[in-house]
Each structure stands twice: as structure tokens, then as C-alpha cells.
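Trainee: need a structure here:
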Amino acid sequence: MKFEHVMAAFVAEPWAIQREKLGVLADIIVARVEGEKLFSTEFAAAVSDARASEIADTDGNVAVIPVYGVLADKMDAFSAMSGGTSYAGIKKALHSALANQDVKAIVLDVNSPGGSVPGTEELATEIRSLRGGEKPIVAQVNSLAASAAYWIASSADEIVVTPSGRAGSIGVYTAHDDISAALEKRGIKRTYISAGKYKVEGNETEPLGKDALAHIQDGVNRSYNRFVAAVAEGRGTTVGKVEDGFGSGRVFYAEALLDRGMADRIATLEQTLERFGAVTQPAYVRRVKAANVAKAEAAHSLAAKMQAGEQITKREFENGIRGLMGLTGSEAERAARLYLKADQGEPDVDADAAALAAVERLLTEAKTFKI
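Mentor: Alright, predicted model coming up:
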């Protein structure tokens, strides 16, 4: 592999990111230094998309700010190619949304494995200084807020996680690659000529010494302690609770996040936007969903009343049986008359017997339905 020093400098940065994601980024670096190149049109498109992701879209009265991909202090060629977002861009979009009189709420749409430590603390501090006002700042985990992304999310007024979402990965790390054996194999012996006792300590051409390791560990510990303290302040808890109960580097799914106090509610992005007055679906779709919800509630109510042995009206039976069996209005009305033996008119013995038997079977199941 050529240009080992490029890789060494890359992994030596302090990272608040999922370990496996950093491995993918390292593979991109390897491909680049070994000669693989993006076409100029692809590169331009990548930069354009990354810049566009730093602009807040307004959906009704809600500003949606993307927090996507690998996070970095400022957008550069590498972060653009990785589909990431810059802290500077998020801050600019946040200020713009707050200054917009039409915006009533701000949603950080988070889907990120984390990113570099520099810039994270500053953005998180800025968000905390702006929350609690007339315009709520909501971090929507959609569907990953890991490491630096959770650091940012924890600073919002509220954390909402989509049902399949994950968050956490509270931790910081860096790495040191000793490439001396690889250089020796290629007949290369590098000598650093420096002034300053520690100027080249921890370089990649020699094993990592104890003093250098301790110094690097101190830096990692400093970033980690600031990370934990920021999460504790953002979530209104103690540093000890964050260290003991927030996973120590693990990520958790939605239900566990609520149990641990790492999130406030479970909802999709659409549900969050609608909660603040945004219209996210066509009218027909909203009507269908509302009708289905009403049917499910009616079926639930009918099953509950039957379990309790309570009296059921004809209307309650009709609505409930429609939800349980998917009947049309006329079919549900006929079933109610048969079951409740009310206003039956002239009976059709064979048809009525079969229909009534089907209703009886379903209601027997409904009586044992677990509410």
C-alpha cells in the first residue's frame, strides 16, 4: 500500500463514530491512494449533494435540517464524497430557521454514525443555548444517531426515535498504525529530523511508546469526558447515570432508549412533523389511515366490552364487527340484526344461518382477545 502516512494521519484523528463506519471510510482512503479516482462529474455531484444537505427545508411551519452521514467541522472534499454533513452547515441552517418568522418548530433529521470530535462540542453547546424557546428544537432519530450524532441530538429540547431507530455509541477513540515493518520490507527507512522533544512522538514508523500512548490517551479521555458531560446536561441527568446507564459505547433500539432515558418518545419523522402542524401526506392517504384507525379502535372496544360482559348497542356492534371482519356497512348492519336479533325482517334461513355461524366464531375469538 502506498502513502501509509495518509492513512496514519486519518486514523490518528479523535473520532466519535461507530468503529465499523470508520473502517469503511478508511477503505475509501485506501482506494484513493492506490490510484482509484472519481470522475469529475461524480465528484461535482457529490459536493453539490453535500452542500444541498446543509440547507433546511421547510415543511409547513416546520424546518427540517438534515444531519446525515459522517459529520465533520467543515465540509471538505472527503466529507462531501462520503455523503456527510458539516457542523458549520447545521449551525447555519439552525440560525436561518430560527430567524424565519414562518417557522414554528425545528426538526433535526438525524441519520448518522457520528464523525470527528472537533466541532461537535461547539455545535452541541450552541443548540443547548438556543433550546427552550418558542420554537422547539427536536432531534428525530431517523434512523441512527450514533456517537457524535447522539452528542448533537442530546442537546435538543427533545429526542424522538423512529420505531426501528437506534442511538447511543457514546465514546471516543483514535488509532496508531505502526508501519515500520511494511517500510522495512520495501527497503525504506524513514528518519524524522525535528526540534522539540515530543514533536514527532507517536509517528507511524515506530512502535508507540508508553509516554506517547499516555499522552494520546489523555486526549481521548478529555474528549470522552466532555462528551459524557454534554449528554448529561442535555438529558438532564448525571454524569454517573450516563456512564453507567447509557451503554458505554453500545447502541440501543427505540424501546431500550426510552427505558434508559436516552430518548423521549417513539414516533416516525412524519408523525413528528404532523405533531407540529406540517402536512406530510395527501388528503386521500390521511382519510384511509384515519378510517383504518377508527375501525381498529371500534374492534378493540367491542372485544373489551364482550370480555367485560357489558351491554353492546347496535351501532357499537356494527362498527366493531366492521373492524374485526372487514365487512361493508350493509354487511355489518345485517350481522348486527342477526346477532342482536333486532329488526330482522323476513329471514333467509340458509344464508342467515351461515352468516350467523361465522359471526359467532369470530366473536368467540374476540371474547378471548388480549387487550
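
Trainee: could I get the full set of strands for the stretch 251-371 of the chain?
Mentor: 251-253, 265-266 (DSSP state E, counting those that start in this stretch).

Trainee: of all those, which one comes closest to residue 142?
Mentor: The closest of these to residue 142 is strand 265-266. By C-beta to C-beta, the value is 11.7 Å. C-betas here are computed from N, CA, C, even on glycine.

Trainee: what strands line up against that closest one, and which way round?
Mentor: strand 158-161 (parallel) (DSSP bridges).

Trainee: now residue 128. Nearest residue, chain neighbours left out?
Mentor: residue 155 (4.6 Å; C-beta to C-beta, 6 or more residues apart in numbering).

Trainee: separation between the one you found and residue 298?
Mentor: Residue 155 sits 43 Å away from residue 298, going by C-beta to C-beta, to the nearest Å.

Trainee: where does the stretch 151-300 of the chain dip in pLDDT?
Mentor: Scanning the stretch 151-300 of the chain for pLDDT under 70 picks out nothing.

Trainee: so where do the helices sit in it?
Mentor: 180-185, 210-235, 239-245, 254-259, 269-275, 283-308 (DSSP state H, counting those that start in this stretch).

Trainee: the fifth one: which residues count as buried?
Mentor: The one in question is helix 269-275. Within helix 269-275, the residues that qualify as buried are 269, 272-275, counting by 16 or more other C-beta atoms under 10 Å.

Trainee: I'd like these laid out as TSV, including distance to residue 306.
Mentor: Converted to TSV, those look like this (distance: C-beta to C-beta, whole Å):
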residue	distance to residue 306
269	38
272	36
273	38
274	33
275	34
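
Trainee: what's the local residue count around residue 151?
Mentor: Counted with other C-beta atoms under 10 Å, residues neighbouring residue 151 total 28.

Trainee: now do residue 239
Mentor: 13.

Trainee: I'd like to know how far the closest residue to it other than its chain neighbours sits from residue 142.
Mentor: Closest residue to residue 239 apart from its sequence neighbours, by C-beta to C-beta, 6+ apart: residue 232 at 4.8 Å. From residue 232 across to residue 142, the span is 24 Å (C-beta to C-beta).

Trainee: equivalent analysis for residue 70, please.
Mentor: 17 Å.

Trainee: picking that back up, list just the nearest of the buried residues of helix 269-275 to residue 285.
Mentor: For those, the nearest to residue 285 is residue 274 (11.9 Å; C-beta to C-beta).

Trainee: and the closest one, what does it touch?
Mentor: Taking C-beta atoms under 8 Å, 6 or more residues apart in numbering as the criterion, residue 274 is in contact with residue 280.

Trainee: how about a cut-off of 10 Å?
Mentor: 59-60, 62, 267-268, 280-281, 286 (C-beta atoms under 10 Å, 6 or more residues apart in numbering).

Trainee: ok, and the most crowded of those?
Mentor: residue 62 (25 neighbours).

Trainee: bridging residues for that residue?
Mentor: Here residue 62, judged by DSSP bridges, has bridge partners residue 59, residue 105.

Trainee: so it makes contact with residue 106?
Mentor: Yes - with contact defined as C-beta atoms under 10 Å, residue 62 counts as touching residue 106 (7.3 Å).

Trainee: common neighbours of the two, please.
Mentor: 56, 97, 135-136, 138, 276.

Trainee: closest to residue 183 out of those?
Mentor: residue 56 (48.0 Å).

Trainee: break this structure down into its domains, please.
Mentor: 4-275, 283-367 (automatic domain parsing).

Trainee: understood, closing this out.
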